[in-house]
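Enquirer: okay, sequence plus prediction incoming.
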Amino acid sequence: MDFQLFKIFGGSLQGILDIFILKTLENVFAALTPFALAALTLYVVTYGYMVMTGRIPDMMMDAIGKIIKISLIVSIGLTAGNHAAVVIDGASALESGLLSVLHPVGSDSVPPGDAYEMLDKMAGKGFEKGVILTKIAALSGFLKGFQPA
């Protein structure tokens, strides 16, 4: 039986990421966008009216600067769902790059399906080497009281 810790947890994490986080993030931002834009419009109209009537002692250029800053912050906040997808796509590209580095194209062995499978293979080989080294250490008397199987 092969070692399969990373594939189990990695597949679960990938499923959670694809289904829950991205879809939920997309739905939340789609629901918030109209309210945020309506609030921003109401703020701009109210603030501009108060500046023009002299109820706020700000200059018109200060008010325009403040409105531009707030509009930029709101627009960046509302496009955060798109940024999350870009970051996740970048991480997937990093994964495929890691696979291509660790498993060259001209090699004879079968390429792994994903990075989790590659990590499982590497960890399995490491555990096999560890068992061999532990047996050697026990046979040489380095580990007292250990009986190899």
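Expert: Yep, it's here.
Enquirer: in the helix with the most length in the chain, what counts as buried?
Expert: Counting by DSSP state H, the longest helix found in the chain is helix 23-52. By neighbour count with 16 or more other Cβ atoms under 10 Å, helix 23-52 contains the buried residues Leu25, Phe29, Leu40, Val44, Tyr47, Val51. (Each C-beta comes from the backbone N, C-alpha and C, glycine too.)
Enquirer: do the same with stretch 114-134
Expert: So for stretch 114-134, counting by 16+ other Cβ under 10 Å, buried means Asp114, Ala115, Tyr116, Glu117, Met118, Leu119, Asp120, Lys121.
Enquirer: just stretch 73-89 next, same as before
Expert: Neighbour-count burial for stretch 73-89 [16+ other Cβ under 10 Å]: Val74, Leu78, Gly81, Ala84.
Enquirer: re earlier: got the buried residues of helix 23-52 as CSV, with pLDDT and distance to Leu94 columns?
Expert: What follows is the buried residues of helix 23-52, written out as CSV (pLDDT from 0 to 100; distance: Cβ to Cβ, whole Å):
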residue, pLDDT, distance to Leu94
Leu25, 79, 20
Phe29, 83, 25
Leu40, 92, 36
Val44, 92, 41
Tyr47, 91, 44
Val51, 89, 49
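Enquirer: what's the closest of the residues you listed to Ile132?
Expert: Closest approach between the buried residues of helix 23-52 and Ile132, by Cβ to Cβ: Leu25, at 47.0 Å.
Enquirer: pLDDT weak spots in the chain?
Expert: For the chain, applying pLDDT under 70 flags the ranges 1, 103-113, 143-149.
Enquirer: which residues in it form strands?
Expert: Ranges of strands within the chain: none, based on DSSP state E.
Enquirer: OK, contacts around the residue nearest the centre of the chain?
Expert: Per Cα atoms, centre = their mean, the C-alpha nearest to the average position across the chain is that of Ile88, at 5.0 Å. Taking Cβ atoms under 8 Å, 6 or more residues apart in numbering, we find Ile88 in contact with Leu17, Leu22.
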